[in-house]
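In: Here is my input, please return the structure:
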Amino acid sequence: MTAEKIAKRPDRIKFDGRILFLTDDTTLIRRQLEAGEDLPFDPERPLMNNISTDEITPGWVCFYYDETLGQYVYVGMREAAVQKDEVKQGGFKVVVSGLSKGCGSSRETAPYAERAAGVELVIARTIEKIYGQNSQNIGLLTSTDFGLVERIRRGEEIPLAEFTRGLDPISQAIVEYGGLFNYNKARLAGETVPPAIETQPRPMNIVEKIIARHAFVRAGRVGVAAVKPGDALFAVADVRFSHEYVTPMAESLFKGALGKDAQVTEAESVYAFRDHLTFLGRVMSDDKKKMGLLERADGLAVTQEDFTREQGIKLYSGTEATGSEAICHNAVVEDIALPGQLVIGTDSHTCMAGVLGCFAFGVGSTDMANAWYTKDIRVKVPETVRFVLTGEKRADVSAKDVMLKILSTDYMKEGKGIGQVLEFAGEGLKGMSIDERATLTNMAVEAGGTTGIIEPDEVTLQYLVSSRGLDAEEIRKGFLQSDPDAEYAATFEINLAEIRPMVATPGDPRNGVNISELKEEVKIDAAYGGSCTGGKMADMDMYAAVLQRAVEQGKRVAPGVRLYLQFGSQKIKQYARERGYIEIFERAGAELIDPSCGACINAGPGASKTAETVTVSTQNRNFPGRSGPGKVYLASPYVVAASAIAGRIVEPEEFLREREEELVGA
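Out: Numbers count the residues shown, from 1 in each chain. Next up is the predicted model:
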């Protein structure tokens, strides 16, 4: 008896339902949802840009990972434009919006919620890389062709080819099969075969070399001579990790597809973390608790713990009493990843591991569930944009300022960085520690990039030898460098000497401006120093440099302001204790928080409770609702500490200049 052939989608699709226009004017959204009005398509009408996954499914919605998500789609949208059940009950089959749809977190709950609400097609000016891939994986169609709107309105059947045009062969096949699981079933059954890589040897950059080394050819054979941008393949991952937000959904998909007794392949290269919701109970509102959401959130950690025990997976655990062992990204750099490896994680900031010379990127639940079994991940070889750092930065400038400057460029604001690799190079890197470099790679995803990467060098080697006790020659085996004549989509030179302390104004990390150019004084209610981006050892050095000087001057955190400092791992907390920083922080009036993602995802102390709250923060993104309903300005550790003392956003030069003069005099 032959196995039944895996079914594909029909060749033509008709969308029988309404079209929801997510407009910049939220009153028009309300008219569509509340009054049942169908807006005519007007190409001149401004559409909402930068709709993040935090707005599609806010953090608390992600405690669900089934069809319930459809009730809550878009409930985190700015100006409370969408309420529970409105999209699902509105009969919408198509959603239309502007630039950068699905920016931010890699959470697959976002497109899943849209699909569960009945949406079959998302049309946007540009679609972010991870969100687009997650949509393909679960069978949600996407397009950037606005010509489809009127054709759908006329009741026309749209050829499936309209939604696969321009895709690489693997992505095209996944769309045709209606999702990644169906595609992989067909792949394992031999019904479809990924195209062979036939790229001839050519100059390659570091990411291309890593992909070529990890390309899956066939069972028992890994590696090809060369790859080029656009090549589609499966690549074998060295490290796979997930956290409690996502592990339960991925487990459900994994066992749903492969059976309840399914086993993870090579579990020794798989890791799990309880790091996102560790302190949720301290900040969850009473109304959310009454909905049973705290129990659901705690249940995610329990489900993850059971799964890791069953599968023999290393779990970095945590409790509310002690905090997490580590935020996943900090631990991957501190303990796990090595140069030349391919690292995947169910979090968009997986790219932080690129600081060690890894090709590291975020994936969704479906991707991870498949990778647990196959150990490989689909990759379309990305283009790379190169940033050459020159000059020497000022004492009051950090890598965070450098990244905010890069994100504020027209290149990034116009979405040209979507899907690209950001490679950082140049003499300016030599003076940066691993922690500071990690800020650059961590925030590459805020440009919509696939990842960030830095070639490993002597700084990398010394870090790994001293922090992990590894053999230098073994580490060097993973060292790869871009060829001098490698091709880049674009190259930019950044003179560090020209960069000044910056902030990104609320709403988007790409809203960067010099602090000196703020049009008016920005008084703050809170200052938050933490997250994977701002909770590293070097960040503790920066907080301490400012706060020690403040204490010496008899100053403390300004009245009415709360300063939260949170460690990225227990190792980082111990580092701060050994250097006397904890005493400095406490004398300055800071509130110290044990390791966890916390406020960065509205799940711990430091998150805002009201829309009027103004926070300056070292976290990596400030999309609406990301850290509560308030306004969040992104800044460096120096700026956050100095602003906490001043009670308003200020440049930190005053504290650092006086300290430098004191050291020179000594």
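In: what domains does the record give for this protein?
Out: 12-187, 502-666 (automatic domain parsing).
In: As a check, name the ranges of all strands in the stretch 501-650 of the chain.
Out: Applying DSSP state E, counting those that start in this stretch to the stretch 501-650 of the chain gives strands spanning 502-504, 512-514, 526-529, 562-566, 591-593, 614-617, 631-634.
In: ugh, typo on my part, it should be the stretch 1-150 of the chain
Out: So, for the stretch 1-150 of the chain - with DSSP E, counting those that start in this stretch - the strands run 12-13, 18-21, 92-97, 121-124, 141-143.
In: Quick check: mean pLDDT of the last one?
Out: Along strand 141-143, the predicted local confidence has a mean pLDDT of 98.
In: what's the most buried one of the strands of the stretch 1-150 of the chain?
Out: For the strands of the stretch 1-150 of the chain, the largest average neighbour count (mean count of other CB atoms under 10 Å) is found in strand 121-124, namely a mean of 24. Heads up, the C-betas are built off the backbone N, CA and C, glycines and all.
In: among the domains of the chain, which is nearest Asn330?
Out: domain 502-666 (4.0 Å; CB to CB).
In: Can you report how many residues neighbour Asp457?
Out: Around Asp457 there are 15 other residues, counting by other CB atoms under 10 Å.
In: how much space between it and Gly449?
Out: Distance, Asp457 to Gly449, by CB to CB, to the nearest Å: 22 Å.
In: With Gly70 as the reference, measure out to the nearest residue to Glu120 once chain neighbours are set aside.
Out: Sequence neighbours aside, Lys93 is the residue nearest to Glu120 in space, at 5.0 Å (criterion: CB to CB, 6 or more residues apart in numbering). Lys93 sits 13 Å away from Gly70, going by CB to CB.
In: list residues touching both of those two?
Out: Applying CB atoms under 8 Å, 6 or more residues apart in numbering, one finds that Lys93 and Gly70 are jointly contacted by Gly118.
In: which residues of this structure score low on pLDDT?
Out: 1-3, 657-666 (pLDDT under 70).
In: Report the central residue of it.
Out: The structure's the chain has its C-alpha centroid closest to Ser348; by CA atoms, centre = their mean the separation is 2.4 Å.
In: Against Val363, how distant is it?
Out: 9 Å.
In: Check Tyr271 too.
Out: 14 Å.
In: Equivalent analysis for Glu34, please.
Out: Distance from Glu34 to Val363, by CB to CB: 37 Å.
In: what sits against Gln32?
Out: 18, 20-21, 38-39, 90.
In: same thing but at 7 Å, please
Out: When contacts are counted by CB atoms under 7 Å, 6 or more residues apart in numbering, Gln32 touches 20-21, 39.
In: Over to Ile29?
Out: Counting by CB under 7 Å, 6+ apart, Ile29 has contacts 22-23, 81-82.
In: Switch those over to JSON lines; also include neighbour count.
Out: Output for the contacts of Ile29, formatted as JSON lines (neighbours: other CB atoms under 10 Å):
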{"residue": "Leu22", "neighbour count": "24"}
{"residue": "Thr23", "neighbour count": "21"}
{"residue": "Ala81", "neighbour count": "22"}
{"residue": "Val82", "neighbour count": "25"}
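In: Columns distance to Ala117 on top of those, output as JSON lines?
Out: Listed next are the contacts of Ile29 as JSON lines, based on distance: CB to CB, whole Å:
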{"residue": "Leu22", "distance to Ala117": "13"}
{"residue": "Thr23", "distance to Ala117": "18"}
{"residue": "Ala81", "distance to Ala117": "15"}
{"residue": "Val82", "distance to Ala117": "10"}
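In: is it true that Pro629 touches Val614?
Out: No - in this structure Pro629 lies outside contact range of Val614 using CB atoms under 7 Å: 11.6 Å.
In: hmm, back to that, ok, Tyr271 and Val363, which is more surrounded?
Out: Between Tyr271 and Val363, Val363 has the larger neighbour count (other CB under 10 Å), namely 29 against 22.
In: how close does the more buried one sit to Arg476?
Out: From Val363 to Arg476 the distance is 29 Å (CB to CB).
In: do Ala486 as well
Out: For Ala486, the distance to Arg476 - CB to CB - is 21 Å.
In: The two: who's more crowded?
Out: Ala486 (18 against 13).
In: Contact partners for the more buried one?
Out: Going by CB under 7 Å, 6+ apart, Ala486 touches 203-205.
In: Using CSV, please lay out those together with neighbour count, secondary structure and distance to Leu99.
Out: Shown next, in CSV, are the contacts of Ala486 (neighbours: other CB atoms under 10 Å; DSSP: H, G, I helix; E, B strand; the rest coil; distance: CB to CB, whole Å):
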residue, neighbour count, secondary structure, distance to Leu99
Pro203, 12, coil, 33
Met204, 24, coil, 31
Asn205, 23, coil, 27
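In: now, which of the residues you listed sits nearest Ser433?
Out: Asn205 (23.8 Å).
In: Could you pull up phi and psi at that closest one?
Out: Main-chain dihedrals, Asn205, degrees, to the nearest 10: phi -90, psi 180.
In: Quick check on the closest residue to Ile454 other than its chain neighbours: phi, psi?
Out: Leaving out its chain neighbours, the residue that sits closest to Ile454 by CB to CB, 6+ apart is Phe424, at 5.0 Å. The phi and psi values for Phe424, taken as degrees, to the nearest 10, are phi -100, psi 130.
In: do the same with the one 5 residues further on
Out: Here is the backbone geometry of Leu429 (degrees, to the nearest 10): phi -70, psi -30.
In: Now do the contacts for it.
Out: Here Leu429 is in contact with 389, 437, 454 (CB under 7 Å, 6+ apart).
In: Which ones among those map onto helices?
Out: Arg437 (DSSP state H).
In: Mind checking which of the contacts of Leu429 are buried?
Out: Neighbour-count burial (16 or more other CB atoms under 10 Å) applied to the contacts of Leu429 gives 389, 437, 454.
In: Between those, which sits nearest Phe254?
Out: Closest to Phe254, out of all of these and judged by CB to CB, is Ile454, at 33.1 Å.
In: What degree of burial does the residue nearest to Met249 when sequence neighbours are not counted show, as a neighbour count?
Out: Excluding the flanking residues, the one nearest Met249 by CB to CB, 6+ apart is Tyr65, at 3.7 Å. Using other CB under 10 Å, Tyr65 has 24 other residues around it.
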